[in-house]
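K.L.:
what follows is a predicted protein model with its sequence.
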Amino acid sequence: MTHRIALITDSTCDLPRKYLDKHDIQVVPLTIVWGGEQFLDGVDLQADEFYQRLAVDSTIPTTSQPTPQQMVLAYEKARNAGAEELLMITISSAMSGTYESALKASELVEFPVQVLDSRSNSMSLGWQVLAAARAREEGGNIQDMIRAADNARASMVYLITLDTLEYLHKGGRIGDASHFIGTLLNLKPQISVDHKTGTVAGGRRSRTRKKALADLYKDFFAQVDPAKKLRIAVLHNAALEEAQELAGKIEEEFQPAEIILSIVSPVLGVHTGPRAVAICGYSEP
């Protein structure tokens, strides 16, 4: 289906393919660099394959944002398909150079492109993109789409429990002392996204995985309004059974308007490592 307004995002959105197809959302992949090879996220390297290799490969993968030229190609593809204007919603500018690439690319084309910083990633970005898509489907203009994404972000809560500090340490996100103490005590750290600054913040550390998942559940629902319409995603890095159990518990206790179960993209998994589990969602105003 061709829309007058094209909606584009990047591969960190973690939206399952059926949502991308249903809502006509175009995705620009980031890149994983691993052992001298380069893989387009979700194109050359799928999440399941990535986590299997991550568990046994001692080589540390890195990531890179799309170039402005890659963004231009995505914009031109949408334009050639009949779009008159474009909305690009990206991963937080504080987490990646993707936003800057998208902005630079918007200056290199001769048709209107608006670039929105989601100030987040994963399904927090995904929920904002879906909100924009639904505003478009209701006949909204590009400002209505941006407003819908902003409204979703305003009450968004995104908490992640990690199984290990190893990958944050490998990626330079925490120092040697924090890594040593956390590993020594086998702590399971919880992190969150600050949607005002677009940065990752530290949280509690639990002594066991069972306690960490219980804390994740409790802490998330302490920050949303269950009396309102809830849209919730449960995400995992090769921890499907635990994510399914968590999603089932949420459905039974809170009956959200929408719940999505998804695997975290390789580009994000580079930093969180295998067996991370997250809850991300918001209550509609």
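P.N.:
In hand now; what should we look at?
K.L.:
C-terminal to the helix or strand of the chain with the lowest mean pLDDT, what's the next element?
P.N.:
Lowest by mean pLDDT, DSSP states H and E among the helices and strands of the chain is helix 176-184, with a mean of 38. Per DSSP states H and E, the first helix or strand lying C-terminal to helix 176-184 is strand 188-194.
K.L.:
so what strands line up beside that following strand?
P.N.:
Next to strand 188-194 in the sheet, as set by DSSP bridges, lie strand 157-161 (antiparallel), strand 199-206 (antiparallel).
K.L.:
what's the residue most central in space within the chain in contact with, if anything?
P.N.:
With distances taken as Cα atoms, centre = their mean, residue 122 lies nearest the centre of the chain, 0.7 Å away. By Cβ atoms under 8 Å, 6 or more residues apart in numbering, the residues touching residue 122 are 12-14, 158, 233, 235, 264-265, 268, 278, 280. C-beta here means a position set from N, CA and C on the backbone, and glycine is covered the same way.
K.L.:
what do you get if the cut-off is 6 Å, keeping everything else the same?
P.N.:
14, 268 (Cβ atoms under 6 Å, 6 or more residues apart in numbering).
K.L.:
hey, where'd the helices end up in the stretch 51-200 of the chain?
P.N.:
68-80, 98-106, 122-137, 142-154, 166-170, 176-184 (DSSP state H, counting those that start in this stretch).
K.L.:
what's the closest of these to residue 86?
P.N.:
Closest of the helices of the stretch 51-200 of the chain to residue 86 is helix 68-80, at 5.6 Å (criterion: Cβ to Cβ).
K.L.:
what mean pLDDT does the closest one have?
P.N.:
For helix 68-80, the mean per-residue pLDDT is 98.
K.L.:
where does this protein have low pLDDT?
P.N.:
For the chain, the stretches with pLDDT under 70 are 1-2, 168-186.
K.L.:
out of the helices of the stretch 51-200 of the chain, nearest to residue 242?
P.N.:
Closest approach to residue 242 among the helices of the stretch 51-200 of the chain (Cβ to Cβ): helix 122-137, 16.6 Å.
K.L.:
for the closest one, buried residues please.
P.N.:
Neighbour counts over helix 122-137 (16 or more other Cβ atoms under 10 Å) mark 122-133, 135-136 as buried.
K.L.:
can I get these in a markdown table including distance to residue 24?
P.N.:
Formatted as a markdown table, those follow (distance: Cβ to Cβ, whole Å):
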| residue | distance to residue 24 |
| --- | --- |
| 122 | 21 |
| 123 | 19 |
| 124 | 21 |
| 125 | 17 |
| 126 | 15 |
| 127 | 17 |
| 128 | 16 |
| 129 | 11 |
| 130 | 12 |
| 131 | 15 |
| 132 | 12 |
| 133 | 7 |
| 135 | 13 |
| 136 | 9 |
